[in-house]
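> Fold the following and give me the result.
(one chain, ligands or ions: 1)
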Amino acid sequence: MLLEAGASVRAVDRDPEALNFARARLARFGDRFQSRHATFDSLAEEPAGELDGILLDLGISSRHVDAPERGFSFQQDGPLDMRMDPTRGDSAAELLAKATREELVVWLREYGEEPRAGAVASAIVRARAEGGLRTTGQLADLVGAVYGGKRPGGRHPATRTFQALRMVVNDELGQLDRALACAPRALRVGGRLAVISFHSLEDRRVKQFMQSRAREYEDTPLWPSSVPNPDRQFKLVTRKPVVADEAEIEENPRARSAKLRVAERWEAGTER
Ligand SMILES: C[S@@+](CC[C@H](N)C(=O)[O-])C[C@H]1O[C@@H](n2cnc3c(N)ncnc32)[C@H](O)[C@@H]1O
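Numbers count the residues shown, from 1 in each chain. Reported below is the predicted structural model:
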């Protein structure tokens, strides 16, 4: 849509397969679409103050979930991989093989908000000792057994474990934090930062980042006078996140959890 509206787009994706797909699909836009194989935190390499907009479309794509061989899905069996960029880093199976039980508990709690983190971690350690965990099906069955076949909230009990592992394998929160930190420098004044997130851990970070950089005064103003916020770099465009309406969710059910937040680059003395 940005290209159709006349913008030039410099796109990055860490997944070579997603890049090839986008390149073929957007070839008709010629030089206005440029793309490279990189991570979101490579925003640090952009020249200062040049971009009119930054859009971070976070997380995995339908193409990841729907391809069992990429290892993101517990619905279909496949290798426990979960790397968005299969050319580098440890796969989920490799991480599970070397993590301590304590590390597993922290991952499951912090990134999966898994209430039975201790029991799932113990089950992983046991399965590992008994011959390893290599497939998504094995991991899904293992978590299912911890829950005794119950489906809390109507969801497969492995949902949280898969989310946690995926976030660790791809350092998703680290990527997000670093990309957000680079955004103010890369944007021109008046340029916009837009972020689409897909779960509460990401959205909370985006919200806190935008609010803390858009606040006029320090969070805890000292009496008797308020202290101006030295980190003020944005104006909020959206106070509440934009979410998909019913018609869009009907057409694309995976849009259900998407939240879009937008902020505009601001600098003191530039207001009209
Ligand atoms: C929700 S999908 C959206 C893809 C694309 N915007 C579209 O609409 O078809 C997110 C994409 O971002 C990529 N991705 C996620 N985190 C990334 C990161 N930290 N660095 C680079 N690419 C990333 C994934 O590989 C995936 O292709």
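
> Strands along the stretch 101-250 of the chain, start to end?
Using DSSP state E, counting those that start in this stretch, the strands found in the stretch 101-250 of the chain span residues 187-197, 234-236.

> What is the last one packed up against?
So that's strand 234-236. helix 200-214, strand 259-265 (3 or more C-beta pairs under 8 Å, 6 or more residues apart in numbering; DSSP states H and E). Any C-beta I mention is one placed from the backbone N, CA and C, and that applies to glycine too.

> Quick one: residues contacting residue 14.
37-40, 84-85, 170 (C-beta atoms under 8 Å, 6 or more residues apart in numbering).

> That one and residue 27: what is the separation?
21 Å (C-beta to C-beta, to the nearest Å).

> ditto for residue 134
38 Å.

> Ok, residue 19 next?
Where residue 27 is concerned, residue 19 sits at a distance of 12 Å (C-beta to C-beta).

> So which of the two has more stuff around it?
Legend: neighbour count by other C-beta atoms under 10 Å for residue 19 and residue 27, higher for residue 19 (17 against 9).

> which one is the more buried one nearest to, not counting chain neighbours?
residue 13 (4.9 Å; C-beta to C-beta, 6 or more residues apart in numbering).

> Report the residue spans of the chain with pLDDT below the cut-off.
The chain contains residues with pLDDT under 70 at 221-224, 271-272.

> Write out the residues of the chain neighbouring the ligand.
12-15, 18, 39-40, 57-61, 84, 175 (C-beta under 6 Å from any ligand atom).

> Now the stretch 101-250 of the chain against the ligand: closest residue?
residue 175 (3.5 Å; C-beta to the nearest ligand atom).

> my read: that residue touches residue 43, true?
No - contact criterion C-beta atoms under 8 Å: residue 175 and residue 43 do not qualify, at 10.1 Å.

> returning to that earlier point: what are the neighbouring residues in contact with the residue of the stretch 101-250 of the chain closest to the ligand?
39-41.

> what does residue 190 give?
Taking C-beta under 8 Å, 6+ apart, one finds 264-265, 270 in contact with residue 190.

> Ranking by neighbours, what's the top pick from the residues you listed?
Result: residue 265 is most packed of those (other C-beta under 10 Å), 25 neighbours.

> From what I see, it and residue 192 are in contact.
Yes - in terms of C-beta under 8 Å, residue 265 counts as a neighbour of residue 192; the distance is 7.2 Å.

> how about the helices in the stretch 51-200 of the chain?
Counting by DSSP state H, counting those that start in this stretch, the stretch 51-200 of the chain has helices at residues 62-65, 92-98, 101-112, 117-129, 136-146, 159-169, 172-186, 200-214.

> hmm, who's touching the first one?
Just to be clear, that refers to helix 62-65. 15, 17-18, 21, 70, 72-73, 84, 254.

> How far away from the center of its chain is it?
How far helix 62-65 lies from its chain's middle: 14 Å, per C-alpha atoms, centre = their mean, to the nearest Å.

> Any buried residues in that helix, and which?
residue 64 (16 or more other C-beta atoms under 10 Å).

> And for the fourth one?
Of the residues in helix 117-129, 117, 119-121, 123-124, 127-128 count as buried by neighbour count, 16+ other C-beta under 10 Å.

> would you turn those into TSV with distance to residue 166?
Output for these, formatted as TSV (distance: C-beta to C-beta, whole Å):
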residue	distance to residue 166
117	16
119	20
120	15
121	17
123	19
124	15
127	19
128	19
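
> residues in contact with residue 261?
Taking C-beta under 8 Å, 6+ apart as the test, what residue 261 contacts is 194-195, 197, 203, 206-207, 210, 238, 241-242.

> change it to 10 Å
Residues in contact with residue 261 (C-beta atoms under 10 Å, 6 or more residues apart in numbering) are 56, 193-197, 203, 206-207, 209-211, 236-242.
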